[in-house]
Every structure is written in C-alpha cells, then in structure tokens.
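[1] Sequence isn't available, so here's the structure alone:
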C-alpha cells in the first residue's frame, strides 16, 4: 500500500500511523468480510495501554466526574488563585464562594442533568456561577451576553433551564419575560461555604451525566447545542507530557465561555494549582490590552487558537 500526502500539512510519522491503521482495517476485512466495523481493532503497538491507563500519569482521571477531580483541589493547591476585574482571590477563598452559591442552586432544584443558563459578562461572578453549577452537579449553558436577543431567546427556549443566572447589567440580552436570579444581589451568606458532598446534591452524579451544553454559531442554520459528559477523563484530561502546566504557571483566560476551548482554561489551572488571570470584558479582543496583562501578571500560558497553546518562558 502506498499513500500520497502533502509534507507541508502532515509529517511522516503521522502518515505512517495512518497507514498502519488502514492496514489493520484491510487485514480484518480480508480475514472476515462480515466483521462489523465497530469491532475492528485499530490500535497500533502500545496504544491500547495508553488509552486504558491514561497518558503521562493522568490516568487517575478516567472514570471520575469533573466534580470528583475538582473536589478538594481548591484548598489543596498552593500559590495559584484567581485574578479578575481587580479582584485577587486564593483558590481557597474562591472555593467558599463557589460552595455557597452551589448550595443556593441546589435549593432551587439544580441537580444532575439540570440545565442552568449563565448569562454573565466576564467577571468573578461568571466564574463562581460556572463552578457552582458544576459543583451542584448541574449542566452549565453559557450565554453570550453580546449575542442578538433572538439567538439568546432560541437558546434559552431549547435548553428550558431550571434557572437563568444573570445580573442587572447583563440581563438586557435576555428576551422580555425571561426571569433570572441576579447574582449581583442574591444573598448567599446563609449557606455554608464548606465542601458540597454527595449527600448535599439532589441525586448521584455519574460520569455519563452532562457537564455543559454549548451552541454553534448558527451560521449555516439554527444554532445546534452539543453537550459533554462530566466524566473527568473525557472532559479535562490534558496530555501533560505534551504541554506541562504547573504551580508556577499563570494562565490567561480570554476565550469566551460560550466556546468550548474555555473549559480547559477554566478548570486546568485549578487542577495543578496554577494562577488564572481573567481578561476584562472586551479586553479579550484587544491585543494591546492582552500584551499589558501578560506583562503585568507574568502570564506564561496563552491559548490562541483551538489547537495551539503558547508558553512564555
């Protein structure tokens, strides 16, 4: 078998791997033409062990939910934390806010498979809301507050959320008649800031339960929603060998939360104890502003496009 390819697009190692897989598929059908395609083993030597055991020491994530992965990490990590809108919080301080808000959500009926629309601009409140929905076991559905009201109305209508989280300054994106919990005014001081355990949630959270739903742009028709299971391996596994991240790193969060790349920017720094610096509203689109943030906070990791991370060392 021979393959022709563009060296500028693919390197030899990738093409060799493709050829190996094609050979395995052809050999399987040559041996038995009735073999179901789903039963053909396309793993090359050594790969099955990686998939079963995980990559580079992160195999412990497999079979866990995102909540399992994050539980206990806030207080356990060291010099990281959150920088957002002039507010600087340790991960432990952030954890208390998240737990209180998660308990509020639970009291409102949020549990596994419960959808919560988050219509908030870039702020500490946005991050607290997203993490709290996850901590409560719910499904966060980010809403772009800069999107047309018609799109927002379509998303909210399709999702049929248990609750919509917004605030006075952002609620204008919502269609008339859509009520929301104003995160800028709600009082959560009566809720405990301690860990939210299994007994606190409204059901058992399983790896196959959804953790978020995000919608496409709709440029080719109506926006389409797609969800991701909260299984830790499927949601947040990072190939640490390819792109290591550690306690001393500072990650810039600039991707809109309505775009799935934002998921690793939000959760990965906490998992390793790095610092997360959140770009101001509008600033995430301003190169001059971003350069200033990178220099001011000593940002070491920036995500530019879906497939490219850049480290500043």
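    Thanks, I have it. Model, not experiment: these values are computed from the prediction.

[2] Point me to the helix or strand that includes residue 295.
    Element membership of residue 295, judged by DSSP states H and E, is helix 287-297.

[3] brain fart, residue 101
    helix 91-107.

[4] next helix or strand past that helix?
    strand 115-118.

[5] average pLDDT for the helix holding residue 101?
    Mean pLDDT, computed over helix 91-107, is 94.

[6] List the buried residues of that helix.
    For helix 91-107, the neighbour count (16 or more other C-beta atoms under 10 Å) marks 91, 93-106 as buried. For glycine as for every other residue, the C-beta is placed from the backbone atoms N, C-alpha and C.

[7] and which of these is nearest residue 193?
    residue 96 (3.6 Å; C-beta to C-beta).

[8] Excluding residues flanking it in the chain, which one is nearest the closest one?
    residue 193 (3.6 Å; C-beta to C-beta, 6 or more residues apart in numbering).

[9] now residue 41
    Closest to residue 41 by C-beta to C-beta, 6+ apart is residue 24, at 6.7 Å.

[10] That neighbour and residue 40 touch, don't they?
    Yes. Between residue 24 and residue 40 there is a contact under C-beta atoms under 8 Å: 7.0 Å.

[11] And the helix holding residue 101, how far out from the chain middle?
    Distance, stretch centre to chain centre, for helix 91-107: 18 Å (C-alpha atoms, centre = their mean, to the nearest Å).

[12] which secondary structure elements does that helix contact?
    helix 73-76, strand 81-84, helix 124-136 (3 or more C-beta pairs under 8 Å, 6 or more residues apart in numbering; DSSP states H and E).

[13] who touches the second one?
    Spelled out, that is strand 81-84. For strand 81-84, contacts defined as C-beta atoms under 8 Å, 6 or more residues apart in numbering pick out 88-91, 93-94, 122-124, 127, 275-278, 297.

[14] could you flag which of those are buried?
    Among the contacts of strand 81-84, the ones that count as buried by 16+ other C-beta under 10 Å are 89-91, 93-94, 122-124, 127, 275-278.

[15] which one among those residues gets closest to residue 252?
    Of these, the one sitting nearest to residue 252 (C-beta to C-beta) turns out to be residue 277, at 5.4 Å.

[16] All the helices of the protein, residue numbers only.
    Secondary structure of the chain, counting by DSSP state H: helices at 12-31, 47-53, 66-70, 73-76, 91-107, 124-136, 149-159, 232-236, 262-272, 287-297.

[17] Can you name the residues that contact residue 168?
    Residue 168 neighbours (C-beta under 8 Å, 6+ apart): 182, 184-185.

[18] Can you report how many residues lie near residue 212?
    27 (other C-beta atoms under 10 Å).

[19] now it: how far from residue 129?
    12 Å (C-beta to C-beta, to the nearest Å).

[20] coming back round to it: could the helices of the chain go into JSON lines alongside distance to residue 251?
    Below are those laid out as JSON lines (distance: least, C-beta to C-beta, whole Å):
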{"stretch": "helix 12-31", "distance to residue 251": "28"}
{"stretch": "helix 47-53", "distance to residue 251": "26"}
{"stretch": "helix 66-70", "distance to residue 251": "16"}
{"stretch": "helix 73-76", "distance to residue 251": "15"}
{"stretch": "helix 91-107", "distance to residue 251": "13"}
{"stretch": "helix 124-136", "distance to residue 251": "13"}
{"stretch": "helix 149-159", "distance to residue 251": "28"}
{"stretch": "helix 232-236", "distance to residue 251": "14"}
{"stretch": "helix 262-272", "distance to residue 251": "5"}
{"stretch": "helix 287-297", "distance to residue 251": "10"}
